[in-house]
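**Q** Sharing a model that was predicted from the sequence below.
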Amino acid sequence: MSDPQQYTVGWICAITTEYTAARQFLDEAHGSPDHVSANDSNDYTLGKMAGHNVVIAVLPDSEYGVSSATAVAKDMLHSFPNVRVGLMVGIGGGAPTAKNDIRLGDVVVSSRKGSAPCVYQYNYGKAIQGRSFEPTGFLNQPPVVVRTAVNGLRSKYEDDGHQLEANITEILGRKSRLRQKYSRPSPESDRLYTSDVIHPEDDKRSCKEVCGGQTADLVQRRKRREDEDNPTIHYGVIASADQLMKDAITRDAIAKEKDVLCFEMEAAGLMNHFPCLVVRGICDYSDSHKNKEWQGYAAMTAAAYAKDILTRMIPGRVEQEERLEKVLAKSVTELIEETKSSTDVLKEHAHSTNQHLANEALRYQNEAHRKCHQVFKTSTYEHFKNINPDRVKETCQWVLNHPQYQRWNESATDDLLWISADPGCGKSVLSKSLVDERLMSDTAGSTICYFFFKDNDEQNSLAICLCALLHQLFKHQPHLLQHATAAWHSDGSKLQQETDKLWRILLAATSDGAAHNTICVLDALDECKDGDRSNLIDKLAQFHETAAASQHPHQSSLKFIVTSRPYDDIQRGFQHMPPSLPAIRLRGEEENDQIRAEINRVIDQRVLQLANELGLRKSTSSRLEQTLLAMEHRTYLWLHLAIDDIRTTLQNSLRPDEEPIDSVPSSVEGAYEKILNRIPEARRQKVKLILRIIVGARRPLAVGEMALALGLATSEQHETSADVQINAVHLENQLRHWCGLFVFFNHSRVYLIHQTAREFLVAQECTPMLGSLQNSLWMHSLEHMEIEKTMAEICIRCLNLEDLSQSLDDYVPNESDQEEFAEYCSEWWTTHHRFSESITEKDTFRDALELYDTGGKSYHTWTRSKTNKFRGFRFMTRMGLAAYNGHDRILEHILSVESADVEEADSCGRTALFAASRGGHSNTLQMLLDAGADWDAQSDYGTPLQAA
């Protein structure tokens, strides 16, 4: 144990990364303190650094800003009353200018410039156009001994340079597990975007993926010379506020006016309570392009500089400084004496305090509203709208001119319209057009919200749909957030799954007297998963029935427009509404003549474009047009595929005007078959494997993820990620060449062209909408169980990679394709394996067993996953976890081969039967009951019967 009276240097960090970096520079570590003051909840690390006894503390998890820093500093000085020098060391956002060439990894040290304070405290919300920023506090300087050391070290660096990089390298050479996070990243990742390039606020993908690296978007900077320090140390003003700086325009304005070098969030809370030197390693550029890639290295450079400062200070000289606790007490006494001299000062102080409290209350409310709004951003709903093509002029008139649509469009009250049509008739193009152009112009002042269902787990649930609608509603009408805050305060992120509460919030917000009219466009209802689809139909039907019966219309209206295929279950869902209500269905399947007429106009346009593109004779284009018009079952999707087929044929012909065109596919499935038949025979098995991965993945995969998955599926050795490496760019080019229009790429993710493409491939997903082909190589060529088996093998191999576990420990969404795919495997391997376990091969079964070894690396890799839905069951027994996952062969192995007790319980008393009941697996339940499991076994969470 250590005596708190012996420590003279106090070092404060804001986040764990800074705390870890600081501790690496201790020359020796001491034990825990003998005692701390009452109510001090700080976590302390004690040790010796450069001859000084140092106490290091970190702010509480997820608490940043002025007030948290103040609390930590006060508690430190109460528990360690002999502290005489303070350091605030960590990361910050740089403010590069033409004058100050600040780069990632550089260090900024707080230092006065003329009469300006070394730390400039500003109110983030106080910026008013045309007026300067005003400081909101008067901040103390660090003690003289610290400022003297800064000047001395600065002079030494000018003479000899520094050894920060060498010191960091030496530490990481000893601490291998820190290298990945705390080493210097590649210089190519140091991108300074021009101030007008903004990373979309809700888009969590990397800047490289979203914002790109075009020269025009980046500030061009010269390469640093070998005789220059790298990282460079900068001395000057640090700006501090209680909110993160993410606005490049505001950053530039403050930097220009106050000559600020760096932005951060804690120093203003310390300077009047803990006069200290502020040292910041630069991890980003205080703009919207935030990332964590440079945080570890920046924390190390700041800590390395701070140690050099301590090296310049003689321990005996530090002990002669006044204790910081006494300095602060003297400051408070002087303030009291000053305020006694004038009642005006007291009144002004009271007014200032009240204003500060009011500002703090408003800031808290605004921050709470922002967090509440953000909880509804659970999908990239914008992306799934934008991947659809734009409407061709004079099309979709079969809806837009229909009396039923016009009645709905002109209605001033709550209303519902369901548009059904066959596949390929342009329903999603229609929905996109309604959102982007038609409804915007027809209903000025209305809020348009939308959701495009897709048959994948990112976009097929009612909860995700309702969250997307609410996110858009509150974005356009933020005053309506009050209808969501109570539920958010009580449920937090769990609200994202509470469909009934989300629906009630939507109805309450849109019926608010201050709400604008709201229109919700829901596309492809048939692609919503089964239980959720019926739930949504029930809600829409009840909504329509209530709206029709209402005698007191609201000041604002809520209207829904829904598109789908003409499926019987959707029709049955709406049929229970009273026949006296207005009709809600516009039957596109009864408008086929008009749809074909529109398609005929598009044929004329597309053929003309193709003739101009390839230089065809008029007679050839006329013959081509007649061939297309002669096809019986014309749809937009078929035409898109047919034109591409014709283009490919004619481009490969030496005499395109003489080329026969009687082989144009007459159906969508015929077009799909012809596209895939072009694949060289030697490549077909590999393409089928790729298609199994695309179809089997529960969400669209990035190209890099696809490359990793394919490598895992095809490599004989798969011990490390290097064994399964496939070039992602090469794979994308090959897929484009092999598959043509059958797949497409958007934002570096791989998609099938249309939902019918999946139905064409997968035998069990055949629908009445598709016909049949004789002697087809591709139609229904993929079996559901084989698809799941392929995905299970890939996921299991991925999670057993030797070099995977450490990367997932510090997983950050969208960090890399490997980590993203490993996260996918952690979440979905159990489902893929459950559906294919009966045909699992011996090697895969053995590898799956390894994932259940609770003492092994692989088990901790997937159960520790942050987005893993099984995380609450991580401490179950192996048998309980297998039962929860419905892995019957693994459970049978544990029971029979390992002779496990069927009543074995975890620390909460939960048996395997309880887990199977919670998982909802009837076959697993029966297996356990046959083995003698007890329905009435009591646990902390009840019995298995109660869990069922």
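**A** Now that the structure is in, tell me what you want to look at. Numbers count the residues shown, from 1 in each chain.

**Q** Which helix or strand lies directly C-terminal to the lowest-mean-pLDDT helix or strand in the chain?
**A** Using mean pLDDT, DSSP states H and E, the weakest-scoring helix or strand in the chain turns out to be helix 805-809, at a mean of 50. Where DSSP states H and E defines the elements, the next helix or strand beyond helix 805-809 is helix 817-836.

**Q** which regions of the stretch 701-850 of the chain sit below the pLDDT cut-off?
**A** Residues of the stretch 701-850 of the chain meeting the criterion pLDDT under 70: 764-774, 805-815.

**Q** hmm, try it at 50
**A** For the stretch 701-850 of the chain, the stretches flagged by pLDDT under 50 are 766, 768-769, 807, 809-814.

**Q** Helices of that one, start to end?
**A** Per DSSP state H, counting those that start in this stretch, the stretch 701-850 of the chain carries helices over the ranges 703-714, 728-739, 755-761, 784-799, 805-809, 817-836, 842-850.

**Q** how about the helices in the stretch 551-700 of the chain?
**A** With DSSP H, counting those that start in this stretch as the criterion, the stretch 551-700 of the chain has helices at 568-575, 592-614, 618-629, 636-651, 668-677, 684-696.

**Q** The ones you listed: which one's closest to Lys223?
**A** In terms of Cβ to Cβ, the element of the helices of the stretch 551-700 of the chain nearest to Lys223 is helix 684-696, at 41.2 Å. The way it works is simple: take the backbone N, C-alpha and C, and place the C-beta from them, glycine included.

**Q** and that closest one, what's its mean pLDDT?
**A** Average pLDDT, helix 684-696: 94.

**Q** Over to stretch 380-393?
**A** Throughout stretch 380-393, pLDDT has a mean value of 86.

**Q** Enumerate the positions of that stretch that are buried.
**A** 380-381, 383-385, 387-388, 391-392 (16 or more other Cβ atoms under 10 Å).

**Q** one step back: for the helices of the stretch 701-850 of the chain, give me TSV that also has distance to Cys465 and mean neighbour count.
**A** What follows is those, written out as TSV (distance: least, Cβ to Cβ, whole Å; neighbours: other Cβ atoms under 10 Å):
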stretch	distance to Cys465	mean neighbour count
helix 703-714	25	22
helix 728-739	30	16
helix 755-761	17	22
helix 784-799	25	23
helix 805-809	30	17
helix 817-836	20	22
helix 842-850	34	16
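
**Q** Relative to Lys501, which of these is closest?
**A** Taking these one by one with Cβ to Cβ, helix 817-836 is closest: 24.5 Å.

**Q** Which elements pack onto the closest one?
**A** helix 703-714, helix 784-799, helix 805-809, helix 857-863, helix 878-885 (3 or more Cβ pairs under 8 Å, 6 or more residues apart in numbering; DSSP states H and E).

**Q** Off-centre distance for that helix?
**A** Distance of helix 817-836 from its chain centroid, counting by Cα atoms, centre = their mean, to the nearest Å, is 17 Å.

**Q** on that earlier part again, can I get the helices and strands packed on helix 817-836 in JSON lines including distance to Arg533?
**A** What follows is those, written out as JSON lines (distance: least, Cβ to Cβ, whole Å):
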{"stretch": "helix 703-714", "distance to Arg533": "28"}
{"stretch": "helix 784-799", "distance to Arg533": "20"}
{"stretch": "helix 805-809", "distance to Arg533": "34"}
{"stretch": "helix 857-863", "distance to Arg533": "31"}
{"stretch": "helix 878-885", "distance to Arg533": "26"}
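
**Q** among those helices, which is nearest His402?
**A** Closest to His402 of the helices and strands packed on helix 817-836, according to Cβ to Cβ: helix 784-799, at 38.6 Å.

**Q** export the closest one as CSV, just CAs?
**A** The C-alpha trace of helix 784-799 is given here as CSV (Å, rounded to 0.1, in the frame of the first residue of the first chain):
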residue,chain,number,x,y,z
HIS,A,784,-31.6,-23.9,-48.8
MET,A,785,-29.7,-26.4,-46.5
GLU,A,786,-26.6,-26.3,-48.7
ILE,A,787,-26.6,-22.5,-48.5
GLU,A,788,-26.8,-22.6,-44.7
LYS,A,789,-24.1,-25.3,-44.6
THR,A,790,-21.7,-23.1,-46.7
MET,A,791,-22.3,-20.1,-44.4
ALA,A,792,-21.9,-22.1,-41.3
GLU,A,793,-18.6,-23.5,-42.4
ILE,A,794,-17.3,-20.0,-43.4
CYS,A,795,-18.4,-18.5,-40.1
ILE,A,796,-17.0,-21.3,-37.9
ARG,A,797,-13.6,-21.2,-39.7
CYS,A,798,-13.5,-17.4,-39.4
LEU,A,799,-14.1,-17.5,-35.6
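
**Q** Output the contacting helices and strands for it.
**A** helix 684-696, helix 703-714, helix 817-836, helix 842-850, helix 857-863.

**Q** Looking at the ones you listed, which is nearest to Met879?
**A** Short answer: helix 842-850, nearest of the helices and strands packed on helix 784-799 by Cβ to Cβ, at 12.5 Å.

**Q** From Phe760, how far out is the residue lying closest to Arg683 once chain neighbours are set aside?
**A** The shortest distance from Arg683 to any non-neighbouring residue, by Cβ to Cβ, 6 or more residues apart in numbering, is to Trp738 (6.1 Å). Trp738 sits 16 Å away from Phe760 when distances are taken as Cβ to Cβ, to the nearest Å.
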